[in-house]
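Enquirer: I need the structure of the sequence given here:
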Amino acid sequence: MAFEGGCVAVVPAYRAQATLAATLRALIEDNGDSVERVVVVASPGDAGADIAAAMSASCPRIEVLRLPVRADAGSARNLGRARAGGSLLLFVDADCKPRAGSVAVLMATLRERKLAAVVPRLAGEGGGLCGWLRHVLEFKEAAGHGPPPPGWTPPSATFLCRMEIFDEVGGFPAMWPGEDLVFFSKLAAAGHEFAVEGNAVCVHTHPGGWGRMFRHQYRLGATSALARRLAVAPGKVFVEIPWLSPLLLFGRAWRGLRWFVRYRRLELPLLLAVSPLYIIALGVWTFGFSRAAVSGSYRRRLCESFSAVQPRGG
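Expert: This next block holds a predicted model:
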């Protein structure tokens, strides 16, 4: 399908007051020719919504959608899509900043390669050593260094998607994190292609705090197991045969070491220096995965913790 003009950016916002203004400036000022409109989907109690509303007063291309209840990222993106028009959707987290011209590069790649979705190369900033390790744990395969491993699904932090294909697969599930695994697995199962475009860069701002990082790794592991129950995704065998799930710790540690040896050899001494924290984080993720894979009651509590705002693909 051919498309004209720019895209509509959807930015889910919750506790985003520290980063949202920079994200909106990156979209409107640095990529303005490619971004026709920005829809900020704000959950209650988020000071970032007031920041977006103040910016929208001088920039009518920014629209703020205030929700009556807190929404997970999957539901927020779906609700933002319902307010969007045109043929292209750009999903951007409130702590991500596409570099100047990157959205235009994504649009050109999507058109020329006839892709369903395209992801920029993800760089990280902020959070000190904790932020560096968090980026390694969550985003290293999207760093643009070599081809992603087989079966890899990209993070949904920032990506461009054709709207009709987004609707075809039903959008995101009502969850966060893990919604990206379900969405891109559905794209792959439907025969659609997606890729990382190394010439487009988005900078992800990481928060500091080790406790916060470990809690997020636990949640990531738990929702990764839940996501694999919802979609035909790589690693589903570890949910179907839960006693195998502890092997994920060793597999992820080995894969991370290989990645550093191949692409970031100069940073390998730093990884080795913080290896106890790295292994603890992998262990916390694996414990969350194992618990969600084994415990039906815990899976139900996870599902109940997601917002009452349900996703709508179209």
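Enquirer: Can you give me the distance of Leu65 to Gly256?
Expert: Distance of Leu65 to Gly256, given as CB to CB, to the nearest Å: 38 Å. C-beta coordinates here come from the backbone N, C-alpha and C atoms, glycine included.
Enquirer: ugh, wrong one, I meant Asp33
Expert: For Asp33 relative to Gly256 (CB to CB), the value is 38 Å.
Enquirer: can you list contacts of stretch 195-203?
Expert: With contact meaning CB atoms under 8 Å, 6 or more residues apart in numbering, stretch 195-203 is reached by 92, 96-99, 101-103, 105-106, 109, 113, 115, 118-125, 142, 144, 148, 154, 157-158.
Enquirer: Quick one: mark the members of the residues you listed that sit in strands.
Expert: 92, 96-98, 118-125, 158 (DSSP state E).
Enquirer: Drop anything exposed from those.
Expert: Neighbour counting over those (16 or more other CB atoms under 10 Å) leaves Val92, Cys96, Lys97, Pro98, Val118, Val119, Pro120, Arg121, Leu122, Ala123, Gly124, Thr158 as the buried ones.
Enquirer: Helices of the stretch 101-250 of the chain, start to end?
Expert: According to DSSP state H, counting those that start in this stretch, the stretch 101-250 of the chain carries its helices in the segments 102-113, 128-139, 163-168, 179-189, 210-230, 237-240, 247-263.
Enquirer: mean pLDDT lowest for which of those?
Expert: When the helices of the stretch 101-250 of the chain are compared on mean pLDDT, helix 237-240 scores lowest, with a mean of 86.
Enquirer: What ranges in the protein fall below the confidence cut-off?
Expert: 1-5, 297-299, 301-314 (pLDDT under 70).
Enquirer: Tell me where the longest strand sits in it.
Expert: Criterion DSSP E: the longest strand present in the chain is strand 194-205.
Enquirer: Adjacent strands (with direction) for that one?
Expert: Strand pairing for strand 194-205, determined by DSSP bridges: strand 96-98 (antiparallel), strand 117-125 (parallel).
Enquirer: need the ones you listed in a markdown table with distance to Leu79, can you?
Expert: Listed next are the strands paired with strand 194-205 as a markdown table, based on distance: least, CB to CB, whole Å:
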| stretch | distance to Leu79 |
| --- | --- |
| strand 96-98 | 19 |
| strand 117-125 | 19 |
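Enquirer: Which of those strands sits closest to Tyr278?
Expert: Of all these, strand 117-125 sits nearest to Tyr278, with 15.3 Å by CB to CB.
Enquirer: chain center to that closest one, what's the gap?
Expert: With CA atoms, centre = their mean, to the nearest Å as the basis, strand 117-125 stands 10 Å off its chain's centre.
Enquirer: Please enumerate residues in contact with that strand?
Expert: Applying CB under 8 Å, 6+ apart, the external contacts of strand 117-125 come out as 98, 102, 105-106, 109-110, 131-132, 134-135, 139, 142-144, 154-155, 157-162, 165, 184, 187, 192, 194-206.
Enquirer: Apply 7 Å and report the result again.
Expert: For strand 117-125, the surrounding residues in contact (CB atoms under 7 Å, 6 or more residues apart in numbering) are 98, 102, 106, 109-110, 131-132, 135, 139, 142-144, 154, 157-161, 187, 194-198, 200-206.
Enquirer: how far off helix 179-189 does the longest strand of the chain point, in degrees?
Expert: Counting by axes from the mean of the first three to the mean of the last three CA atoms, to 10 degrees, strand 194-205 lies at 170 degrees to helix 179-189.
Enquirer: closest to Trp285 out of the helices of the stretch 101-250 of the chain?
Expert: If we rank those by CB to CB, the stretch that ends up nearest is helix 210-230, at 3.8 Å.
Enquirer: who does that closest one touch, helix- and strand-wise?
Expert: Under the contact criterion of 3 or more CB pairs under 7 Å, 6 or more residues apart in numbering; DSSP states H and E, helix 210-230 touches helix 128-139, helix 179-189, helix 237-240, helix 275-294, helix 296-305.
Enquirer: on that earlier part again, neighbour count for Asp33 and Gly256, which is higher?
Expert: Gly256 (17 against 11; other CB atoms under 10 Å).
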